[in-house]
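please work out how this folds:
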Amino acid sequence: MAYETEKVEFKRIATNDLYREVIAFANTDGGTLIIGVNDEGEAESLLDIDDVYTRITNGIRDNIVPDITMFTKYSLKENQTIHIEIGEGTHKPYYLKAKGLKPSGVYVRQGTSSVQATPEHIRQMIKDADGDIFEEFPSLDQNLTFNQCKEAFAKRQLEFDENKFDVLGIYNTGRQAFTNLGLLLSDQCKHTIKVAVFEDVNNTIFKGRKEFAGSLLKQIEEAFDYIELNNNTRSEIKGLVREDFVDYPAEALREALLNAVIHRNYDFSGSIIVNINSEFMEFISIGGLLPGLSADEMLNGVSILRNKKLSEIFLRLRIIEAYGTGIRRIFSLYENCAEKPKINATQNSFKITLFNMNHQRNRIVLANEDLSAKSANPQEELIMDYLQQYGEVTDEKVQELLAVKKTRAFVITKQLFDKGLITITGRGASRRITLL
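From the prediction side, this is the model:
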């Protein structure tokens, strides 16, 4: 009497269940499926064996993807049974075409049984077969639509044709499956952008918040519009002319948002976070700098792309102009500011902080500004700027403005007093400094 083993499976008759057995063997270590044998290992001759043989070979070819026929070998035995030898496949995971690339469609061999693979097992099989490039992996969600993506292409007078999905990297023809890049661009994208506006600089009291979902192309447009709504404007009137100064250059906000979207690690769930308060904005994405790349090298224009095909899509749509220029462009926009953008990269996250240009600590000092009533000392200039706007300043505020200790603040204010530019009244906590 014969027995089923990890590598041998019996089927008395040919039913659709045999496809999952073939898949399980191909996804594990290979094996043999014998049709026409009962559970006790006894042969029960198949009726019309030629018809059964044809249905099996056609069914395996039509119902399993990727194509597994090159790993299957069929033989008809004298006892009227059909033996199917299945080798371990090289394009795992194999799955039922009707179910898709998800646990209900993917099977592996476990002992003498064929069982559904877990999502983690499926991901690992993909990595082992295709390498560690997230964008190229088959998406675990194959029910994808691209209405929002199509709109973004049409807005730029570009054709979005299904025949070009393979070239764009959205669809893998060999696997007959949408890729993870396709998932990111689809209406069903599971990653989101969260923008929060806070009343305090510690980011603890919410003033407003929004989450943006859908295709990444839709998310970046809607998120940027919302961020710009919170980009306030300060106005100054000089004579008959009014000048407007935004808190943040729109281009800097755009580049910081795009950097977070293009370079984040989509292997992990979670959202891109944008925090906004009166003094700064933070753009936080999952995934630190790639190995071999430092923040200084990035500022020098060195670029290592984590999501190459996504970057190519953005370049095609003219959303970005070139690789590796965004961060440098942000810093150039802050060239004349006291507080430069700040980068904080850990192993698993990347944060860039942009400071409010209209905040007193970060006022732009124009090259041609009339400094006749001011000292050439930058620290003294900050105090004079503050006094011109607010009329008076305390010792505590001077320490905050200049980021110095009490003694240094006293020395600087005394220098201004000695130059005849300010007056000082009161003592201790009631001490006040005003313009002369």
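
could you use CA atoms for every contact and neighbour count after this?
Will do.

ok, the residue sitting nearest the centre point of the chain to residue 121 distance?
When C-alpha atoms, centre = their mean is applied to the chain, the residue found nearest the centroid is residue 264 (3.7 Å). Using C-alpha to C-alpha, to the nearest Å, residue 264 is found at 24 Å from residue 121.

how about residue 46?
Separation of residue 46 from residue 121 (C-alpha to C-alpha) stands at 36 Å.

and stretch 83-93, end to end?
One end of stretch 83-93 to the other measures 23 Å (C-alpha to C-alpha).

state the mean pLDDT of it.
Across stretch 83-93, the average pLDDT comes to 91.

for stretch 181-199, same thing?
Mean pLDDT, stretch 181-199: 97.

which is the next helix or strand following the strand or helix carrying residue 383?
Assigned by DSSP states H and E, residue 383 belongs to helix 378-390. For helix 378-390, the following helix or strand on the C-terminal side (DSSP H and E) is strand 392-394.

which residues does that following strand contact?
386-387, 431-435 (C-alpha atoms under 8 Å, 6 or more residues apart in numbering).

kindly report the same for stretch 151-160.
Outside stretch 151-160, the residues touching it (C-alpha under 8 Å, 6+ apart) are 150, 217-218, 317.

the helix or strand of the chain with the lowest mean pLDDT: what's the following helix or strand?
Every helix and strand of the chain was ranked by mean pLDDT, DSSP states H and E. The lowest is helix 295-299, at a mean of 68. Proceeding N to C from helix 295-299, the next assigned helix or strand is helix 308-316, under DSSP H and E.

tell me the mean pLDDT over that following helix?
Taken as a whole, helix 308-316 has a mean pLDDT of 93.

tell me the average confidence for the helix or strand following it?
Going down the chain from helix 308-316, the next helix or strand is helix 326-333, by DSSP H and E. Over the span of helix 326-333, the pLDDT mean works out to 88.

how far does helix 326-333 sit from its chain's centre?
The chain centroid and the centroid of helix 326-333 are separated by 20 Å under C-alpha atoms, centre = their mean, to the nearest Å.

packing partners of that helix?
Contacts defined by 3 or more C-alpha pairs under 8 Å, 6 or more residues apart in numbering; DSSP states H and E place helix 326-333 against helix 250-263, helix 295-299.

next, count neighbours for residue 95.
29 (other C-alpha atoms under 10 Å).

touching, it and residue 23? I think so.
Yes: Residue 95 is within contact range of residue 23, at 6.3 Å (criterion: C-alpha atoms under 8 Å).

what's the overlap in contacts for the two?
With contacts taken as C-alpha under 8 Å, 6+ apart, the residues that reach both residue 95 and residue 23 are 64, 106-107.

buried set for stretch 143-157?
By neighbour count on 16 or more other C-alpha atoms under 10 Å, the buried set for stretch 143-157 is 145-146, 148-153.

would you enumerate the residues in contact with residue 101?
95, 138-142 are the contacts of residue 101 under C-alpha under 8 Å, 6+ apart.

what about those, which are in strands?
Mapping these onto strands (DSSP state E) picks out residue 95.

from the contacts of residue 101, which ones fall inside helices?
Counting by DSSP state H, no part of these is found in helices.

packing partners for the helix or strand where residue 414 lies?
Residue 414 belongs to helix 406-418 when assigned by DSSP H and E. Contacts defined by 3+ C-alpha pairs under 8 Å, 6+ apart place helix 406-418 against helix 378-390, helix 395-402, strand 422-425.

buried stuff in it?
For helix 406-418, a neighbour-count test (16+ other C-alpha under 10 Å) marks 409, 412-413, 416-417 as buried.

what of stretch 120-140?
By 16+ other C-alpha under 10 Å, the buried positions in stretch 120-140 come out as 122-127, 130, 134-140.

in TSV: these, plus pLDDT, secondary structure and distance to residue 282.
Formatted as TSV, the buried residues of stretch 120-140 follow (pLDDT from 0 to 100; DSSP: H, G, I helix; E, B strand; the rest coil; distance: C-alpha to C-alpha, whole Å):
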residue	pLDDT	secondary structure	distance to residue 282
122	89	helix	35
123	83	helix	32
124	86	helix	34
125	87	helix	37
126	82	helix	35
127	77	helix	33
130	68	helix	35
134	87	helix	26
135	91	helix	26
136	89	helix	30
137	87	coil	31
138	89	strand	33
139	91	coil	30
140	86	coil	32
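
for those, give me CSV that also has distance to residue 305.
Conversion of the buried residues of stretch 120-140 to CSV gives the following (distance: C-alpha to C-alpha, whole Å):
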residue, distance to residue 305
122, 25
123, 22
124, 23
125, 24
126, 21
127, 19
130, 18
134, 12
135, 12
136, 14
137, 17
138, 20
139, 20
140, 23
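
what's the pLDDT at the nearest residue to residue 406 once chain neighbours are set aside?
Nearest non-adjacent residue to residue 406, counting by C-alpha to C-alpha, 6 or more residues apart in numbering: residue 399, 6.3 Å away. Here, the pLDDT recorded for residue 399 equals 85.

tally of neighbours for residue 399?
So residue 399, with other C-alpha under 10 Å, has 16 neighbours.

swap in residue 419?
Residues lying near residue 419 (other C-alpha under 10 Å) number 11.

cool, the one 5 residues further on as well?
By other C-alpha under 10 Å, the residues close to residue 424 number 17.

hey, what's it bridged with?
residue 433 (DSSP bridges).

tell me where the stretch 301-436 of the chain is predicted with low confidence.
301-303, 322-324, 360-376 (pLDDT under 70).

and the closest residue in space to residue 398 that isn't next to it in sequence, what does it touch?
Spatial nearest neighbour of residue 398, excluding adjacent residues (C-alpha to C-alpha, 6+ apart): residue 409 at 6.3 Å. Contacts for residue 409 (C-alpha under 8 Å, 6+ apart) come out as 395, 398-399, 402.

cool, residue 330 as well?
Here residue 330 is in contact with 251-252, 255-256, 341 (criterion: C-alpha under 8 Å, 6+ apart).

looking at those residues, spot the one nearest residue 7.
Using C-alpha to C-alpha, residue 256 comes nearest to residue 7 of the contacts of residue 330, at 54.0 Å.

what about the closest one, neighbour count?
23.

any idea how far the residue nearest to it when sequence neighbours are not counted is from residue 271?
If the residues on either side of it in the chain are set aside, residue 256 comes closest to residue 283, at 6.6 Å by C-alpha to C-alpha, 6+ apart. As judged by C-alpha to C-alpha, residue 283 and residue 271 stand 11 Å apart.
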